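Asker: model the following, please.
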Amino acid sequence: MMAEEAARAGRPTLDLPAGVEPGLRFAVVLDGKGGCAELDWQGVAAWKPEQGFLWVHLERDAPEAQAWVMGPSGIDPLIAEALIAEDSRPRVEHIDDALLLILRGINLAPGSSLQLVPLHVWIMPSRALTLRDKTHALSALRDIRIALKNGRGPRGPGGLLGQIADKMVRDLDPVLEEMEDEVEGLEEEIIGTAMGELRREIADIRRRAIHLRRYLGPQRDALYQLRNEDTAMLDKRDRMRLRGVIDSLVRHIEDLDAIRDRTSLLHDDLAAMISEKIARTTYRFTAIAGLLLPPSLVAGLLGANIGGIPGQENPDAFFELAGLIVFLLGVQALILRRMGWI
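Answerer: Predicted structure coming up:
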């Protein structure tokens, strides 16, 4: 499923083993030329900084990964707790010569609903750790790994950061395009469409837009902060790339605001149509009740169980009464039409 989605989006579809060992999605050592060498848990334990830049990608909710982060990784316990935290908003923290980042990307796991899921990043001049949940799927990291296997990947920590941010924002493009197409379709179908179904569709789009906007705003601020951080890991080229990522993210946020405003207008139009329909129906019932009121009054009087009711001995009284009622209905209809009620 992931390979099919990647192919439709024009992304590479090379199959790579991942998650073979418990808790470890993959681990690579960058060669500084765009390539890498794969490692297992044993290789990660034996890694030395002089071998090259180490990138370890873990399953955040796997006990083996959590045990390694809290122990053998050598990371400060407070940082380790932040890396394995259950839920976090996007942010950037500069700690000594390292950076702690929490970013959000589109979950492309099969069968999942639209959701921005967290990616925890701890990056130092010599190594980087990234963590995401076992049930989540982020194509950004997979694409970077494929680029590394093809010799066209990042060459250091700054390049890795830039590519992660770039590709996570890139995955928003097809999602927002689909939402815009849905809104345009609703704008065309608002007349002649079942009200209940239309209201559900509008509410669904608004919920998705609100969910995305909730995290993309803080993510924009986090990337602004990252670009302006005084760290040697980011060179001029990396900062220029981050600037382009931020520009794209700002555009996506503006698109989400536009989608939210358009769905609000659709909701208001739909509410006005429903109110107009209710008023029209109520008006018709009122007109019908007005037409039937005098005949009902006559019928009620003639049906009273008292003496002196006219026509009791006349065999043609029923037909005369029916004619009178029809005449009254005609007169009422004429009067109501001249008054503009019908």
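Asker: tell me the pLDDT of M1.
Answerer: The per-residue pLDDT reported for M1 equals 38.
Asker: equivalent analysis for L14, please.
Answerer: pLDDT recorded at L14 is 56.
Asker: going forward, the N-terminal residue is numbered 148.
Answerer: Got it, the first residue is 148 from now on, which makes the last one we talked about L161.
Asker: domain map for the chain?
Answerer: The record's domain parsing of the chain by automatic domain parsing lists 149-418, 427-485.
Asker: just the terminal-to-terminal distance for the shortest one.
Answerer: To tie it back to what came earlier, the one meant is domain 427-485. This stretch, domain 427-485, spans 19 Å end to end (C-alpha to C-alpha, to the nearest Å).
Asker: average pLDDT across that domain?
Answerer: The average pLDDT within domain 427-485 is 75.
Asker: ranking the domains of the chain by burial, who's on top?
Answerer: When those are scored by mean count of other C-beta atoms under 10 Å, the highest mean neighbour count falls to domain 149-418 (a mean of 17). For glycine as for every other residue, the C-beta is placed from the backbone atoms N, C-alpha and C.
Asker: quick one, what contacts G298?
Answerer: Counting by C-beta atoms under 8 Å, 6 or more residues apart in numbering, G298 touches K180, G181, G182.
Asker: mean pLDDT lowest where, among the domains of the chain?
Answerer: domain 427-485 (a mean of 75).
Asker: now do that domain: distance to the chain's middle.
Answerer: Put simply, domain 427-485 sits 60 Å off its chain's centre (C-alpha atoms, centre = their mean, to the nearest Å).
Asker: same check on stretch 480-489?
Answerer: 52 Å.
Asker: which residues are in contact with that stretch?
Answerer: A434, G437, L438.
Asker: the helices in the stretch 298-447 of the chain, which residues?
Answerer: Along the stretch 298-447 of the chain, counting by DSSP state H, counting those that start in this stretch, helices occupy 304-317, 319-336, 342-375, 383-449.
Asker: on that earlier part again, could you dump the contacts of stretch 480-489 to CSV with distance to P257?
Answerer: Supplementary listing: the contacts of stretch 480-489 in CSV, determined by distance: C-beta to C-beta, whole Å:
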residue, distance to P257
A434, 57
G437, 61
L438, 61
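Asker: closest to V264 out of those residues?
Answerer: A434 (57.2 Å; C-beta to C-beta).
Asker: from V216, how far off is the closest one?
Answerer: Distance, A434 to V216, using C-beta to C-beta, to the nearest Å: 74 Å.
Asker: about what we covered before: TSV for the contacts of G298, including distance to P321 and secondary structure?
Answerer: Shown next, in TSV, are the contacts of G298 (distance: C-beta to C-beta, whole Å; DSSP: H, G, I helix; E, B strand; the rest coil):
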residue	distance to P321	secondary structure
K180	32	coil
G181	27	coil
G182	29	coil
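Asker: spatially nearest residue to the residue nearest the centre of the chain (excluding sequence neighbours)?
Answerer: Nearest to the geometric centre of the chain sits R355, at 3.0 Å (C-alpha atoms, centre = their mean). Nearest residue to R355, sequence neighbours excluded (C-beta to C-beta, 6 or more residues apart in numbering): L261, at 5.2 Å.
Asker: got a list of what the closest residue to S235 other than its chain neighbours touches?
Answerer: Once flanking residues are discounted, S235 sits nearest to I249: 4.4 Å by C-beta to C-beta, 6+ apart. Applying C-beta under 8 Å, 6+ apart to I249 gives the contacts S235, R236, P237, R238, P265, L266, H267, V268, A369.
Asker: tell me which element the fifth one is part of?
Answerer: When secondary structure is defined using DSSP states H and E, the element that contains P265 is strand 263-270.
Asker: give me the phi and psi for L278.
Answerer: Backbone geometry at L278, expressed as degrees, to the nearest 10, gives phi -140, psi 140.
Asker: just checking, L278 touches A212?
Answerer: Yes - with contact defined as C-beta atoms under 8 Å, L278 counts as touching A212 (6.9 Å).
Asker: what residues do those two have in common as contacts?
Answerer: Counting by C-beta under 8 Å, 6+ apart, the contacts common to L278 and A212 are L205, E206, I231.
Asker: list the contacts for the last one?
Answerer: Taking C-beta under 8 Å, 6+ apart as the definition of contact, the neighbours of I231 are R207, A212, Q213, V216, M217, H267, L278.
Asker: what do you get if the cut-off is 6 Å, keeping everything else the same?
Answerer: I231 sits next to R207, Q213, V216 when contact means C-beta atoms under 6 Å, 6 or more residues apart in numbering.
Asker: filter these down to the ones in helices?
Answerer: Per DSSP state H, helices hold the following members of the contacts of I231: Q213, V216.
Asker: do you know how far L250 is from G306?
Answerer: Counting by C-beta to C-beta, the gap from L250 to G306 is 16 Å.
Asker: and what of K296?
Answerer: Taken as C-beta to C-beta, the span from K296 to G306 is 16 Å.
Asker: for Y362, see how far away the closest residue to P365 other than its chain neighbours is.
Answerer: Using C-beta to C-beta, 6+ apart and skipping the chain neighbours, the partner closest in space to P365 is P237 (4.4 Å). Applying C-beta to C-beta, the value for P237 to Y362 is 6 Å.
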